[in-house]
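*Asks:* what would the 3D arrangement of this be:
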Amino acid sequence: MSEARRASWAVGLAVAAYGVSFGALAVASGLDVWQACVLSLLMFSGGSQFALIGVLASGGVAAGPAAIAGAALLGLRNGLYAVRVSPIVGRGFWRRLLAGHLTIDESTAVATAQAEPEAQRAGFWWTGWIIFLGWNLTTLIGALLGDLLGDVSAYGLDAAAAAAFLGLLWPRLRALQPVVVAIGAAVVAAVTIPVLPAGLPVILAALVAIVVGLLDLLGRPEPSPVATHAEIPPAPDTGEADR
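*Replies:* Modelled structure (predicted):
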């Protein structure tokens, strides 16, 4: 449980800090401070938010439909995460409704990295709440500071978030199958990012894991159902040998 909370704080603080970048870029793209804050409050999906303001910045209000489509496409991955975390979050309509809003890359990663069910649940909720509160706070800070920050990419906040996420992934690369999935997904994403719209490379990279998982490619072979000699119980003594 304590390990899950430590991971939640480490990932949560790194990702929340990146919200400053979003707030500043949102205002630079033409949004008001309150619009940037409402976007973080209601959408709460970093990749989709950056995709939205990226298109708006290049095309203005006229690019609205394209921006919404790109953000929605990128947000489809959260639906895949929901299937995985559904048994983790627990029962109850309101609990599951709230969990749907907190189901993001980081809360899913921290939860699934834990071994025990209670630790998984703690990792999901702690990470989700830390990032939600921190992301909205730093979005406000970034939006208020705006141009005073200058080039927000120079602060390396995007690298901090990525490094925290990779820190979760690394301990799980102990078998051939997850290593192949990680390498395959990275190659697919790297090749398709320059040529496809925002959102599609992430979806295609996720398909690598889905295909490998469903087909159980490179998984451990199942043990033979034939019992060994040591597993065959001795025949019951019926007394026939004494006759």
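*Asks:* mind saving the C-alpha coords of the host helix or strand of Val181 as PDB?
*Replies:* Taking DSSP states H and E as the criterion, Val181 maps to helix 176-192. Output in PDB follows, covering the C-alpha atoms of helix 176-192 (Å, rounded to 0.1, in the frame of the first residue of the first chain):
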ATOM      1  CA  LEU A 176      10.100 -11.400 -23.400                       C
ATOM      2  CA  GLN A 177       6.500 -10.500 -24.100                       C
ATOM      3  CA  PRO A 178       6.300  -7.100 -22.400                       C
ATOM      4  CA  VAL A 179       9.700  -6.200 -23.900                       C
ATOM      5  CA  VAL A 180       8.500  -7.000 -27.400                       C
ATOM      6  CA  VAL A 181       5.300  -5.100 -26.700                       C
ATOM      7  CA  ALA A 182       7.200  -2.000 -25.500                       C
ATOM      8  CA  ILE A 183       9.600  -2.000 -28.400                       C
ATOM      9  CA  GLY A 184       6.900  -2.700 -31.000                       C
ATOM     10  CA  ALA A 185       4.600   0.100 -29.600                       C
ATOM     11  CA  ALA A 186       7.500   2.500 -29.600                       C
ATOM     12  CA  VAL A 187       8.500   1.700 -33.200                       C
ATOM     13  CA  VAL A 188       4.900   2.100 -34.400                       C
ATOM     14  CA  ALA A 189       4.500   5.400 -32.600                       C
ATOM     15  CA  ALA A 190       7.800   6.800 -33.900                       C
ATOM     16  CA  VAL A 191       7.100   5.800 -37.500                       C
ATOM     17  CA  THR A 192       3.500   7.100 -37.600                       C
END
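*Asks:* could you list the buried residues of that helix?
*Replies:* Applying a neighbour-count criterion of 16 or more other CB atoms under 10 Å, the buried positions in helix 176-192 are Gln177, Pro178, Val180, Val181, Ala182, Gly184, Ala185, Val188, Ala189, Thr192. C-betas here are computed from N, CA, C, even on glycine.
*Asks:* what's the closest of the residues you listed to Trp34?
*Replies:* Ala189 (33.9 Å; CB to CB).
*Asks:* outline the domain layout of the chain.
*Replies:* According to automatic domain parsing, the chain comprises the domains 2-168, 173-220.
*Asks:* mean pLDDT lowest where, among those?
*Replies:* By mean pLDDT, the lowest-scoring of those turns out to be domain 173-220, with a mean of 74.
*Asks:* quick one: the strands in the protein, in order.
*Replies:* Secondary structure of the chain, counting by DSSP state E: no strands present.
*Asks:* longest helix of it, counting residues only.
*Replies:* Scanning the chain for the longest helix, with DSSP state H as the assignment, gives helix 117-145.
*Asks:* in it, what counts as buried?
*Replies:* Here helix 117-145 shows 119-128, 130-132, 134-140, 142-143 as buried, counting by 16+ other CB under 10 Å.
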